[in-house]
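Asker: sequence and predicted structure below; questions after.
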Amino acid sequence: MTASSRPRAKRRIGAAPQPTAVTEKSHAPPNKPIASTSTTPLSSAYPSAYPTEDEDETLGPKIQSFRFLALPSELRNKIYSFVYSTAPTVIDLDPHTFALLNQQKLLSLFRVSRQLHHEAAHHFFSTHTFRLFPTYPGRYLKTKKPLLARLPAHYRASMTSLELRLGPGFNNPPQGWIVNDALGLADCTTVRVLKVFVECDPSDAIFKGFRMGEGAYERFSAELLNSVLEVVASVTTVEFDAWPSVKRGGDMMTGLGEVVAQHDKVVGWGPERGWDKDSDQIWLDAVLMNGLGKALSKSVAIFG
């Protein structure tokens, strides 16, 4: 009988045709994994990145933000000290200081809330020294509006230390170096220390031919210091410092010492010049010479 004459098997009614994959399975060797014909994985094969409502309830309480203002004020002040530790010790009107403050965003706490602004600003302005008149060359030195005049009154009220730097423009003092109402010194009611740093003494022979007049800058500096002490009555200590070339017995320092003696302020010494090493001996010698029973100002004893 030929193949064409063989009777065909009757298909069972309702039976589904066998898929091709099943037919190929019978010819595959045993224990060999069958490759899937689907190239797209099922979505249920991967866990969801977001928990369901039932799973979210089992995660426990939600983490709340840290309550910084709930800390004691002592700890908050300690944190403010860490934040502002990279800021310059003396704040002046110059581009380098502003670039540092902006790059490190040191004043960003001022914009968080009203209470943080009050606390952070008070800590910043009370723990740094602010220069009265700018010394950076160019338009900053010649400006008629120093940094102190640019700040709000409530910032000036938090300051405790100011610096007067003498020497820049010794042959032609800048016109903006003047104590007036626009400077805002009257708002500095909590300043206790006035630092006076002397960069040069024009009375020295090396400045001959460059100074604007005999003793002119020395008188200008003494009058400027006197004006500052008259307005800022809260100053208790005047701290002197200078470059190594400045002599304590020179015309510059002598004139400044007389002003301090007139206002009866305590004299202190900065770390640069090293005058503090022998100041106590000078004070002791002056007391012994004038008698222990006589009231003697320390500024008078040191400067004569």
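Answerer: Everything's here; your move. Residues are numbered from 1 along each chain as shown.

Asker: all helices of the protein, in order?
Answerer: 20-25, 53-57, 73-83, 95-103, 114-127, 139-142, 147-150, 153-156, 216-231, 251-262, 276-290, 298-303 (DSSP state H).

Asker: mean confidence for the second one?
Answerer: What that stands for is helix 53-57. Mean pLDDT, helix 53-57: 55.

Asker: grab the nearest non-local neighbour of the residue most central in space within the chain.
Answerer: Nearest to the geometric centre of the chain sits residue 87, at 3.1 Å (C-alpha atoms, centre = their mean). Spatial nearest neighbour of residue 87, excluding adjacent residues (C-beta to C-beta, 6 or more residues apart in numbering): residue 106 at 5.6 Å. Where C-beta positions appear, they are placed from N, C-alpha and C, glycine not excepted.

Asker: go on, residue 125?
Answerer: residue 158 (4.0 Å).

Asker: is that neighbour in contact with residue 126, as I believe?
Answerer: Yes: taking contacts as C-beta atoms under 8 Å, residue 158 lies within contact range of residue 126: 4.8 Å.

Asker: now do the shared contacts for those two.
Answerer: Common neighbours of residue 158 and residue 126, using C-beta atoms under 8 Å, 6 or more residues apart in numbering, are residue 190.

Asker: so which of these two has more stuff around it?
Answerer: Legend: neighbour count by other C-beta atoms under 10 Å for residue 158 and residue 126, higher for residue 158 (20 against 14).

Asker: now that one, what are its backbone angles?
Answerer: Phi and psi for residue 158, reported as degrees, to the nearest 10, are phi -90, psi -10.

Asker: contacting residues for it?
Answerer: With C-beta under 8 Å, 6+ apart, residue 158 has these contacts: 121, 122, 125, 126, 190.

Asker: count the neighbours of residue 83 for me.
Answerer: Per other C-beta under 10 Å, the neighbour tally for residue 83 reads 18.

Asker: gap between it and residue 123?
Answerer: 9 Å (C-beta to C-beta, to the nearest Å).

Asker: repeat that for residue 199.
Answerer: From residue 199 to residue 123 the distance is 30 Å (C-beta to C-beta).

Asker: among these two, which residue is more densely surrounded?
Answerer: Applying other C-beta under 10 Å to residue 199 and residue 123 shows that residue 123 carries more neighbours, namely 19 against 15.

Asker: any idea how far the residue nearest to the more buried one when sequence neighbours are not counted is from residue 109?
Answerer: Of all residues beyond its chain neighbours, the one nearest residue 123 is residue 80 (4.2 Å), with distances taken as C-beta to C-beta, 6+ apart. Distance of residue 80 to residue 109, given as C-beta to C-beta: 8 Å.

Asker: okay, and the common contacts of the two?
Answerer: residue 120.

Asker: just the local confidence number for the closest residue to residue 227 other than its chain neighbours, please.
Answerer: Nearest-residue entry for residue 227: residue 179, 3.9 Å, with adjacent residues in sequence omitted and distances by C-beta to C-beta, 6+ apart. If you check residue 179, the pLDDT there is 96.
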